[in-house]
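Trainee: Below: sequence and its predicted model.
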Amino acid sequence: MKHMLAMILAGGRGTRLHDLTNKVAKPAVSYGGKYRIIDFPISNCANSGIDVVGVLTQYESILLNSYVAAGGRWGLDAKDSGVFVLPPREKADANLDVYRGTADAISQNIDFIDAHSPDYILILSGDHIYKMNYAKMLEYHKSCSADATIAVLEVPLKEASRFGIMNTDENDRIVEFEEKPAEPKSNLASMGIYIFEWKPLRKMLLADMKNPDSNHDFGKDIIPAMLEDNKSLYAYRFKGYWKDVGTIDSLWEANMDLLNHNNELDLNDPTWKIYTQDMTTLPQYIGPDAVINRAFINQGCIIDGEVKNSVLFTGVKVGSGAKVIDSVLMPGTVVESGATVTRALVADGVKIGKQAVVGSADSENIELVAKRVKGVE
Amino acid sequence: MSKAFGIVNFGANHIWVEGLHDYRPIGAFSFLGRYRIIDFPISNMSNSGIDRIQVYVRRRARSLTEHLGSGRHYNINSKRGKIHLLFSETAVQNDIYSTDISAFMDNLNSIEHVHYPYVLIAPSYMVYTMDYSALLQTHIDSGADISLVYHSVDNAKDKYINCQTLNLNKQKGVLSLEPNRGTAKNRNIFMDTYVMKKELFIELIKKAKKTSSVFTLADIVNSECSELDIRGVAHRGFFAPISDFKSYYDANISLIDFKNAMNLFDDNWPIYTRTNDSCPTQYFDTAEVKASVVSNGCLIEGKIENSVIGRGCTIKKGAVIKNSIVLPGVYISENAHIENHVIDKNSKIIHVKDIVASPEKPGYIKKGDTL
């Protein structure tokens, strides 16, 4: 698809993920046994036939930059195709400045977008877990003759005040946008996925850059300004699994969702694969005394103990007599023999020593284990 | 960068694996769930700094070409290095004229054009790991004309039948090559792995062709034993020639034991393979899995014991799989009982519930079959 270009906002830190995002940006956080969160929007782009994807990085971007630059992982390495890493940069006619907001990140890369001369621009968040065909959304956008189309998800009305809510007319044309309303009038939550006509958006962004009162944000500034101008904005209703994993509890929960029979995300669907970095590891080695019950386990794991109701990422080791219950173990975690891990999320490469006990079955919150836990001798 | 280029050679005509071999060459056999046998020689070469690799293919090339692709997944320099698929032009199934020598003759130009002084030849039907850069250095330091890699075993009476063996003198000089007929316990099994100068290799190809139309590389090396300085170099660690159905089954089963696997695999010696982008494997609440090797992309509700499960298999509730090798994409329905079997790729066990053979004579279910 040459006429729509995707820009993924991947600069966020994800402060509420605490130690998980000390050294990496939120889109680079691991999810689902083998993926990073950003694999979802990039794979969606690749599967939707989008050839050019820009990734706007800012916070702790070293790992993310090198990770997304290898576009071949998602098949985005053909001629006139690629994943482009776009951190803030110094330009001849402007000072080096951080991205001041979601809209500013796009404004600062107008030259990059112009070089591909698209008709449409797709704005995505690098923080969300979902599968979506953006080509269908573009078709809808065209059929509405919209100036902009915003993907929305129906959420329970009592939770609607946590989201940006779109109030629509009977044709799903957006009449009002309310950011986290105390008394929501609708349950259509914005997913932070926008399709714009590039030329008019370009004009708006140039104006917004110079506006000292603007937050340079799509939700706070651009969308309200368009509504005020009486532009035609349409809501595109998305049905399916969608998660914004902002906290340790919600990241844990999103992983646990994968344990259900016929879970909605269905990572096993051969027609819509999620691509990621290829790891060179052994297959899973399940030892003679292992007990595995309700688990989602990736290649390279070596399991001699008990694993119940848990998600194990690449190369996790569970020693004999160890118990892993209701937990998420990130890549390279080692649970030594006799240790017990319950209701915990263990960060990449953390070792839990022999006989150690981590987390508890009746804790209110999921315990994040980001440092080595010493064994009991 | 290595001084040698690599050749991955196919096995001689006496090597035949009942069943699986009907569909693909041994190099393309699924192995230990996520690998293909050819991943081992190519990864050995790649890890040894050999990045110009010729893979000789005799027949049924489809699955092999698909698996090797551009060769990028073998971590070979994408500009300087190359995996080159070369086809035997005279290949006919079970034809005695279809030898490695005839394939080399068909592609002599490609061999002459490679600018490396040495050649390292390894078979596509054998599973082992070895540092070829050390082997090449040993060869150069010894001053020998040809070095052959062997593995000393003490169970050659009933295993490794039909594999070539080396008769060595005390200085590890090779006196002759001879097929293992199971007459002695202690044998030096020849691992079909050679190092020599490229010029000598070309000379031997031409000489073999002149001597006999059905000569193999092993045949001509054998007949040169008194003329050339040919020496044996011992290999240690896990090794398994896949020379018949039982050896394929046994090699898979023996690597379920993690201790055995550690004799083959090493964190510093990665075995590369082509990714299939499968998601992790899902174990449901009724799953019961013990002493097994499982690949990604499976949905497991049944019981698995002492088995190897390939990518993307579905094992339904109440199904039992014991002492079996299940290749990728297999579907096993509710309450099916499978013991001592190799289930080939994409087959479905639906209506027949008891598929049991003896451990001495494991059974085989054809590729894509529905039972």
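Mentor: Yes, it's here.
Trainee: B:I256 and B:I230, how far apart?
Mentor: 37 Å (Cβ to Cβ, to the nearest Å). Bear in mind the C-beta positions are built from the backbone N, C-alpha and C, glycine included.
Trainee: same question, A:P331
Mentor: 48 Å.
Trainee: Is A:I195 bridged to anything, and to what?
Mentor: With DSSP bridges as the criterion, the beta-bridge partners of A:I195 are A:L122, A:T149.
Trainee: just checking, it touches A:Y120?
Mentor: Yes. A:I195 lies in contact with A:Y120 (Cβ atoms under 8 Å); the separation is 5.7 Å.
Trainee: Of those two, which one has the most company?
Mentor: Of the pair A:I195 and A:Y120, A:I195 is the one with more neighbours under other Cβ atoms under 10 Å in any protein chain shown, namely 26 against 20.
Trainee: helix or strand for B:I355, which one?
Mentor: strand B:354-356 (DSSP states H and E).
Trainee: swap in B:H67?
Mentor: Counting by DSSP H and E, the element that carries B:H67 is helix B:62-68.
Trainee: For the helix or strand following that helix, buried residues please.
Mentor: Per DSSP H and E, the first helix or strand lying C-terminal to helix B:62-68 is strand B:82-87. Burial within strand B:82-87, assessed by neighbour count using 16 or more other Cβ atoms under 10 Å in any protein chain shown, is assigned to B:82-84, B:86-87.
Trainee: Alpha carbons of strand B:82-87, in CSV - could you do that?
Mentor: Extracted in CSV, the C-alpha atoms of strand B:82-87 (Å, rounded to 0.1, in the frame of the first residue of the first chain):
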residue,chain,number,x,y,z
LYS,B,82,26.4,-17.4,0.3
ILE,B,83,24.5,-20.6,0.5
HIS,B,84,24.5,-22.1,-2.9
LEU,B,85,22.1,-24.9,-3.8
LEU,B,86,23.5,-27.1,-6.5
PHE,B,87,21.5,-29.8,-8.2
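Trainee: out of the buried residues of strand B:82-87, who's nearest chain A?
Mentor: B:I83 (16.7 Å; Cβ to the nearest Cβ).
Trainee: what is the closest one paired to in the beta sheet?
Mentor: Beta-bridge partners for B:I83, by DSSP bridges, are B:I53.
Trainee: Could you do the one 4 residues further on as well?
Mentor: On the basis of DSSP bridges, B:F87 is bridged to B:V57.
Trainee: quick one, what contacts it?
Mentor: B:56-58, B:61, B:103, B:106-107 (Cβ atoms under 8 Å, 6 or more residues apart in numbering or on different chains).
Trainee: Residues of the stretch 51-200 of chain A that sit close to chain B?
Mentor: A:G72 (Cβ under 8 Å from any Cβ of the partner chain).
Trainee: ok, how many other residues are close to the residue of the stretch 51-200 of chain A found nearest chain B?
Mentor: Chain B sits closest to A:G72 of the stretch 51-200 of chain A, with a gap of 8.0 Å, by Cβ to the nearest Cβ. Around A:G72 sit 14 other residues, with neighbours defined as other Cβ under 10 Å.
Trainee: now B:I121
Mentor: Look at B:I121: counted by other Cβ under 10 Å, it has 24 neighbours.
Trainee: Which SSE is immediately downstream of the longest strand seen in chain B?
Mentor: Assignment by DSSP state E gives strand B:187-197 as the longest strand of chain B. Following strand B:187-197 in sequence order, the next helix or strand is helix B:198-211 (DSSP H and E).
Trainee: Please identify the residues of chain B in proximity to chain A?
Mentor: Residues of chain B lying near chain A by Cβ under 8 Å from any Cβ: B:32-34, B:72-73, B:258, B:261, B:265, B:270-273, B:275, B:277-285, B:287-297, B:299, B:312.
Trainee: Can you turn the buried part of these into a ChimeraX selection?
Mentor: Selecting only the buried entries of the residues of chain B next to chain A in ChimeraX, with 16+ other Cβ under 10 Å as the criterion:
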select /B:32,33,34,72,73,258,261,265,270,271,272,273,275,277,278,279,280,281,282,283,284,287,288,289,290,291,292,293,294,295,296,297,299,312
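Trainee: In strands only, show me the residues of chain B next to chain A.
Mentor: Those of the residues of chain B next to chain A lying in strands (DSSP E): B:281-283, B:288-290, B:292-294, B:299.
Trainee: Could you check how far B:F10 is from chain A?
Mentor: 25 Å (Cβ to the nearest Cβ, to the nearest Å).
Trainee: Would you map the helices across the stretch 151-300 of chain B?
Mentor: Using DSSP state H, counting those that start in this stretch, the helices assigned to the stretch 151-300 of chain B run over residues B:198-211, B:217-223, B:245-254, B:258-262.
Trainee: and B:V195, what are its bridge partners?
Mentor: Under the criterion used (DSSP bridges), B:V195 bridges to B:L120, B:S147.
Trainee: Just give me the neighbour total for it.
Mentor: Neighbour tally, B:V195, other Cβ under 10 Å: 26.
Trainee: Tell me who's in contact with it.
Mentor: B:4, B:118-121, B:132, B:135-136, B:139, B:146-147.
Trainee: so can I have TSV of the helices of the stretch 151-300 of chain B showing distance to B:S358 and mean pLDDT?
Mentor: Formatted as TSV, the helices of the stretch 151-300 of chain B follow (distance: least, Cβ to Cβ, whole Å; pLDDT from 0 to 100):
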stretch	distance to B:S358	mean pLDDT
helix B:198-211	42	96
helix B:217-223	34	96
helix B:245-254	12	96
helix B:258-262	22	96
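Trainee: Please list the residues outside stretch A:237-249 that contact it.
Mentor: A:14, A:16-18, A:20, A:29, A:31, A:37, A:125, A:127-132, A:151-154, A:172, A:188, A:191, A:193, A:250-251, A:254, A:257, A:263-265, A:345, A:365-366, A:368.
Trainee: Let me know the average pLDDT across it.
Mentor: The pLDDT scores in stretch A:237-249 average 93.
Trainee: hang on, the earlier thing: list the helices and strands the strand holding B:I355 packs on?
Mentor: Secondary-structure packing of strand B:354-356 (3 or more Cβ pairs under 8 Å, 6 or more residues apart in numbering or on different chains; DSSP states H and E): strand B:337-339, strand B:363-365.
Trainee: Could you spell out the sheet neighbours of the first one, each with its direction?
Mentor: On the basis of DSSP bridges, the sheet neighbours of strand B:337-339 come out as strand B:320-322 (parallel), strand B:354-356 (parallel).
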